[in-house]
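*Asks:* give the three-dimensional model of this entry:
(chains A, B and C)
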Amino acid sequence: MDYSSPKVRIWQVVSLVPAGSVVTYGQIAHMAGLPHHARMVGSVLKQLPPDSSIPWHRVINCQGRISFPQGSPQYLRQQERLLAEGIEFMAERISLQQFQWQGGFES
DNA sequence: CCCGTGACGCCAC
DNA sequence: AGTGGCGCCACGG
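*Replies:* Numbering: from 1, shown residues only, chains lettered A, B, ... in the order given. From the prediction side, this is the model:
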């Protein structure tokens, strides 16, 4: 198994996100050393098995929104998990200012 | 190899 | 604030 593959690095970074915080796709890509690969983060998470322990639900887009059609089963599933961790939604949006994880970047 | 697709992001209207 | 266009790039047909 190649633990340095982009896929694996993305999994590793996502698994570092603490409960109660969120990160954006672009942020994950950047942290994994893969700038400009935000879309790849999405496709990689999409391939995760349903029983994966990786907190994929903490990854949202740069607008603070869940990247699924509002009301879809997937949207609701992700929202449920986030609400359960104490993350607040305001008109379908999460305040990145308040909940975005700054792991490894702040002073 | 060309082309469409996508759990994205940024900028212009 | 909503919409649309385009850059980005891995993937599959």
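
*Asks:* going forward, measure contacts between C-alpha atoms and count neighbours the same way
*Replies:* Fine.

*Asks:* so which bits of stretch A:63-78 are buried?
*Replies:* Buried residues in stretch A:63-78, counted by 16 or more other C-alpha atoms under 10 Å: A:Gly64, A:Arg65, A:Ile66, A:Ser67, A:Tyr75, A:Gln78.

*Asks:* wait, a strand at the second one?
*Replies:* Read that as A:Arg65. No: going by DSSP: H, G, I helix; E, B strand; the rest coil, the assignment for A:Arg65 is coil, not a strand.

*Asks:* how near is it to A:Ile54?
*Replies:* Noted for A:Arg65: a distance of 19 Å to A:Ile54, by C-alpha to C-alpha, to the nearest Å.

*Asks:* with distance to A:Leu48 and pLDDT as extra columns, can I get the buried residues of stretch A:63-78 in JSON lines?
*Replies:* What follows is these, written out as JSON lines (distance: C-alpha to C-alpha, whole Å; pLDDT from 0 to 100):
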{"residue": "A:Gly64", "distance to A:Leu48": "22", "pLDDT": "96"}
{"residue": "A:Arg65", "distance to A:Leu48": "20", "pLDDT": "96"}
{"residue": "A:Ile66", "distance to A:Leu48": "17", "pLDDT": "97"}
{"residue": "A:Ser67", "distance to A:Leu48": "16", "pLDDT": "96"}
{"residue": "A:Tyr75", "distance to A:Leu48": "16", "pLDDT": "95"}
{"residue": "A:Gln78", "distance to A:Leu48": "14", "pLDDT": "96"}
